[in-house]
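Undergrad: just the structure for this:
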Amino acid sequence: MNDVLIDAETLAALPPESVRIVDCRFALSDPGQGEREFLEAHIPGAVYANLDRDLSDLSKQGLGRHPLPEPEAFAQTLSRWGWRPGARVVAYDDAGGALAAARLWWMLDAAGIVASVLDGGWRTWHDAALPIESGEAAPLAAPPVELRFDPERLVSYGELEVLRQRPATLLLDARGTPRFRGDSEPLDRVGGHVPGARNHPFTDNLAADGRFKPEAQLRGEWDAVLGRHAPQDVVHMCGSGVTACHNLLAMEAVGLRGSRLFAPSWSGWVSDPARPIATGD
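TA: Predicted structure coming up:
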């Protein structure tokens, strides 16, 4: 694997001043759960990132359940966390990276900031009996920085309409198969998927222990998914642009760089009842 994934022992050995660790634990059913768990126990020196508050801008309308924040707001968040240019960021959660470490990794990567995800997350750190601490984080705020998200990493509604008509495009939906098929929909207005999309649940990236599958196995599986499509032909989506980043991370981890994110994802797509919906496989 390349350095977008890091194991617990390697992270523990890094000089504290060289890295900013961010705890991204989050539960969609209880948005405050992750922060409570952070206060109980977390990796020493970590700060907490709330998916709704820090990694999204919920005031935006029509862009799904977790719209990306403006770059200026994200820059202010990084400053509040004490991040300084040149420092590496390592994100972790307790959902194999899906909620919401991969989301933070993608945002940082799209802004040109070196970032990694702790493979196996909080569980691997805890199970390795590495040091932990509790209570609120108290980082020293850093000077403000300027950043931007690379627009080439994102796909808009208008561009998706064009791209999905092209045979070269591979639109991959990271949600579980029942939601993709429309058999159930616990979160959004209606079930189903964008016509032409294919299903690749993010859970397919993980082994039984919650870590990413071995590199050779993961690369082989992704090569089979892509077929003749180049990584640059791939557009990722999910329910709200969060777990889709897990598929982006998996591709990056095995050297398949260049795919893009449709950030509004399914929740944004169905915000306009005029957009078409497909069900079944």
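Undergrad: just give me the residue right at the centre of this structure.
TA: Arg103 (2.4 Å; CA atoms, centre = their mean).
Undergrad: quick one: the helices in the stretch 151-281 of the chain?
TA: Under the criterion DSSP state H, counting those that start in this stretch, the stretch 151-281 of the chain contains helices at 157-163, 177-181, 215-226, 244-253, 265-269.
Undergrad: quick revisit: can you tell me the SS state at the residue nearest to the centre of the chain?
TA: Secondary structure, DSSP: H, G, I helix; E, B strand; the rest coil: Arg103 is helix.
Undergrad: tell me who's in contact with it.
TA: Residues counted as contacts of Arg103 (CB atoms under 8 Å, 6 or more residues apart in numbering) are Cys24, Leu51, Leu55, His66, Gly241, Val242, Cys245. Placement of C-beta: from N, CA and C, glycine included.
Undergrad: mind doing that once more with 10 Å?
TA: By CB atoms under 10 Å, 6 or more residues apart in numbering, the contact set of Arg103 is 24, 26, 49, 51, 55-56, 66, 68, 91, 93, 97, 240-246, 248-249, 261, 263.
Undergrad: select only the buried ones of the residues you listed in PyMOL?
TA: With 16 or more other CB atoms under 10 Å as the criterion, this PyMOL line picks the buried residues out of those:
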select buried, resi 24+26+49+51+55+56+66+68+91+93+97+240+241+242+243+244+245+246+248+249+261+263
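Undergrad: Leu147: which of the helices of the stretch 151-281 of the chain is closest?
TA: helix 244-253 (17.4 Å; CB to CB).
Undergrad: elements contacting that closest one?
TA: Counting contacts by 3 or more CB pairs under 10 Å, 6 or more residues apart in numbering; DSSP states H and E, helix 244-253 packs against strand 5-6, helix 101-110, strand 115-118, strand 170-173, helix 215-226, strand 234-237, strand 260-261.
Undergrad: which helices and strands sit right next to the helix or strand harbouring Leu39?
TA: In the assignment (DSSP states H and E), Leu39 maps to helix 33-40. Contacts defined by 3+ CB pairs under 10 Å, 6+ apart place helix 33-40 against strand 19-23, strand 47-48.
Undergrad: if we go to 8 Å?
TA: Applying 3 or more CB pairs under 8 Å, 6 or more residues apart in numbering; DSSP states H and E, one finds that helix 33-40 contacts strand 47-48.
Undergrad: contact partners of the strand it packs on?
TA: Contact partners of strand 47-48, identified using CB under 8 Å, 6+ apart, comprise Arg20, Ile21, Val22, Asp23, Gly34, Glu35, Phe38, His42, Trp81, Gly82, Ala137, Pro139.
Undergrad: what about Thr203, how many residues close to it?
TA: Close neighbours of Thr203, defined as other CB atoms under 10 Å, add up to 14.
Undergrad: separation between it and His246?
TA: 9 Å (CB to CB, to the nearest Å).
Undergrad: between those two, what contacts are shared?
TA: Common contact partners of Thr203 and His246 (CB under 8 Å, 6+ apart): Gly96.
Undergrad: returning to what we had before: wait, which of the helices of the stretch 151-281 of the chain is closest to Arg123?
TA: Among the helices of the stretch 151-281 of the chain, helix 244-253 comes nearest to Arg123, with 16.1 Å by CB to CB.
Undergrad: okay, the closest one in PDB with CA atoms only?
TA: Presented in PDB, the C-alpha positions along helix 244-253 are these (Å, rounded to 0.1, in the frame of the first residue of the first chain):
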ATOM      1  CA  ALA A 244     -17.800   7.300  -1.600                       C
ATOM      2  CA  CYS A 245     -14.500   8.700  -0.400                       C
ATOM      3  CA  HIS A 246     -13.700   5.200   0.900                       C
ATOM      4  CA  ASN A 247     -13.700   3.800  -2.700                       C
ATOM      5  CA  LEU A 248     -11.600   6.800  -3.700                       C
ATOM      6  CA  LEU A 249      -9.200   5.900  -0.900                       C
ATOM      7  CA  ALA A 250      -9.100   2.300  -1.800                       C
ATOM      8  CA  MET A 251      -8.200   3.100  -5.500                       C
ATOM      9  CA  GLU A 252      -5.500   5.500  -4.400                       C
ATOM     10  CA  ALA A 253      -4.100   2.900  -2.000                       C
END
